[in-house]
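Colleague: fold the following and give me the result.
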Amino acid sequence: PRVDVTAIDQCWAIDFVSDALFNGKRFRVLTMMDVYSRECLNIYADKKITGDTVVDILNHISCHRGRPEGIRVDNGPEFISKVLDNWTYENKIKLKVHSSWQADG
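Modeller: I've put the predicted structure just below:
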């Protein structure tokens, strides 16, 4: 069921975009945004991005901005990793995993 987001930092959305350079080398871009304000919180590009990388970036953002109530992700391996699950649990953040990306906010 759809839950309406009514405030900043109530829910952040995190997702990946993949592409290739002119020489065929693949890269990924990790994007993070606040669902309510639509503010881009982070864009990070690299050849390989792990669950540890995702948590490092979340820690950095949280130091400057605070933490969200919830984080919405798809079921990619970086998002269903133990490290992200532990981080959200330790920080009392609801991790909302969807089987595929749902543009509901």
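Colleague: could you use CA atoms for every contact and neighbour count after this?
Modeller: Noted.
Colleague: let me know whether A20 touches D46 as I believe.
Modeller: No. Using CA atoms under 8 Å, A20 is not in contact with D46, being 11.2 Å away.
Colleague: list the residues that contact both of these two?
Modeller: Counting by CA atoms under 8 Å, 6 or more residues apart in numbering, the common neighbours of A20 and D46 are F27.
Colleague: what are the boundaries of the helices in the protein?
Modeller: Here the chain has its helices, by DSSP state H, at 51-65, 82-90.
Colleague: and the ones you listed as TSV, adding mean pLDDT and distance to Q10?
Modeller: Formatted as TSV, these follow (pLDDT from 0 to 100; distance: least, CA to CA, whole Å):
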stretch	mean pLDDT	distance to Q10
helix 51-65	95	13
helix 82-90	94	14
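Colleague: can you list the ones you listed in TSV and add mean neighbour count and distance to S99?
Modeller: Listed next are the helices of the chain as TSV, based on neighbours: other CA atoms under 10 Å; distance: least, CA to CA, whole Å:
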stretch	mean neighbour count	distance to S99
helix 51-65	14	18
helix 82-90	15	16
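Colleague: could you report the neighbour count for D74?
Modeller: Counted with other CA atoms under 10 Å, the neighbours of D74 add up to 19.
Colleague: most distant residue from the centre of the chain?
Modeller: Residue farthest from the centre of the chain, counting by CA atoms, centre = their mean, is N23 at 28.2 Å.
Colleague: re the thing from before, need the helices of the chain in a markdown table (columns: distance to D34).
Modeller: Below are those laid out as a markdown table (distance: least, CA to CA, whole Å):
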| stretch | distance to D34 |
| --- | --- |
| helix 51-65 | 11 |
| helix 82-90 | 16 |
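Colleague: pLDDT weak spots in the protein?
Modeller: 1-3, 100-105 (pLDDT under 70).
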